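In: whatever this is, show me its structure:
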Amino acid sequence: MAWSDIFADPAEHERIDWGRSSARFTASPDTTALLSFRRIDDWIRYGHVRYPQFQLNTPSGGVPPTMFTVTRPYLALSMPGYPDTDAIAAQLEQGATLRFVNIEDWYAPMAALADRLTRLLNATIATYAFYTPPGDDGVGAHFDSADVFALQIEGTKTWHLWDIPDGTAWQESQTLRTDRAPDQVVELRPGDGLYIPAGMGHRAFAGPEGTLHLSIAVRPTSHREIVRRWAEDLLAAIPRLERLPIHGDRVLPVTELLNAIAAAAAKTDPTELLARADVHRPNTSDTPLIAGVLPRSAASRDT
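Out: Sure thing, here's the model as predicted:
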């Protein structure tokens, strides 16, 4: 599977111009079948999720959880974060978007999908679902630091897209500040998909019946993560009490330190560094907690 987890025709992945331009495609019917208006309604109404697994957003930012969750008593315990259905309904009537976060952590079919894509792409995969009421957007214009595949589940959604700017200064804030018209306008219907590269500004508006879409975020290991992993190893080798002198030459020890860092970098094996930095935690486990449950690999062979 893997590419067929995103595309109805796996060969469509060859059209993706990674990190550069958007692309519309036909979404995988197996994946779009994992979600529906009914399913997310059940998640909220019957206690399948607690904050922060679900959140509410408006164009101005996140809604405080105290405005849409309740604390429930269990024996002598007080358990916060449960959905307050009346409060959520009121927020949705005011145009808020209902967002489900990191679904791969708590919904087995999405966990298996994320693991398949991780193995295919050598990237961390995160999944999100967004329900927006009729005619609203719920999330202001922004860009993501991940490449995103948006799969339309129910209703229609109109996406406004802004091309990736030149330079890097704009990357300091993910909020998109622009007063110009979008470079592209794309309407998605159920079964459509849209690839949005990291850095591309976007804002999406729900159609007249409301809208639900799944976002699959793809995060390859970044240069920053590689440098961070290398720096962690370097810092571990520096004694805690090695400090600059109170008196005397303070520039010389800094120069010597930089020379030592440069020498350490020259000796670093890039293959070993990549192996340490490019680690992606699996979402599924082949070790059941409940006695009598077959491991997932064995269950798959039996079916």
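In: where does the protein dip in pLDDT?
Out: Low-confidence regions of the chain, defined here as pLDDT under 70, cover residues 1, 168-171, 173-175, 177-178, 296-303.
In: can you give me the strands in it?
Out: Secondary structure of the chain (DSSP state E): strands at 23-26, 54-58, 61-62, 69-74, 77-83, 97-100, 123-132, 147-162, 184-188, 192-196, 201-220.
In: okay if I get the ones you listed as a markdown table plus mean neighbour count?
Out: C-beta: built from backbone N, CA, C; applies to glycine. Below are these laid out as a markdown table (neighbours: other C-beta atoms under 10 Å):
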| stretch | mean neighbour count |
| --- | --- |
| strand 23-26 | 16 |
| strand 54-58 | 20 |
| strand 61-62 | 12 |
| strand 69-74 | 12 |
| strand 77-83 | 13 |
| strand 97-100 | 23 |
| strand 123-132 | 22 |
| strand 147-162 | 22 |
| strand 184-188 | 16 |
| strand 192-196 | 23 |
| strand 201-220 | 20 |
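In: and those: which comes nearest Leu241?
Out: Of all the strands of the chain, strand 123-132 sits nearest to Leu241, with 36.8 Å by C-beta to C-beta.
In: what packs against that closest one?
Out: Packing contacts for strand 123-132, counted by 3 or more C-beta pairs under 8 Å, 6 or more residues apart in numbering; DSSP states H and E, involve helix 37-45, strand 97-100, helix 108-121, strand 201-220.
In: just the CA coordinates for the longest one, please, in CSV.
Out: Meaning strand 201-220. C-alpha atoms of strand 201-220 as CSV (Å, rounded to 0.1, in the frame of the first residue of the first chain):
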residue,chain,number,x,y,z
GLY,A,201,0.3,30.0,2.5
HIS,A,202,-3.2,28.8,2.6
ARG,A,203,-6.7,29.4,4.0
ALA,A,204,-9.7,27.2,3.4
PHE,A,205,-13.4,28.1,3.4
ALA,A,206,-16.3,25.6,4.0
GLY,A,207,-19.1,25.1,1.5
PRO,A,208,-22.8,25.5,2.3
GLU,A,209,-23.1,22.1,3.9
GLY,A,210,-20.1,22.2,6.1
THR,A,211,-16.9,20.4,5.4
LEU,A,212,-14.6,17.6,6.8
HIS,A,213,-11.1,17.0,5.5
LEU,A,214,-8.1,14.9,6.6
SER,A,215,-4.6,16.4,6.6
ILE,A,216,-1.6,14.1,6.4
ALA,A,217,1.5,16.0,7.4
VAL,A,218,4.8,14.8,6.1
ARG,A,219,7.9,16.0,8.0
PRO,A,220,11.3,14.7,6.8
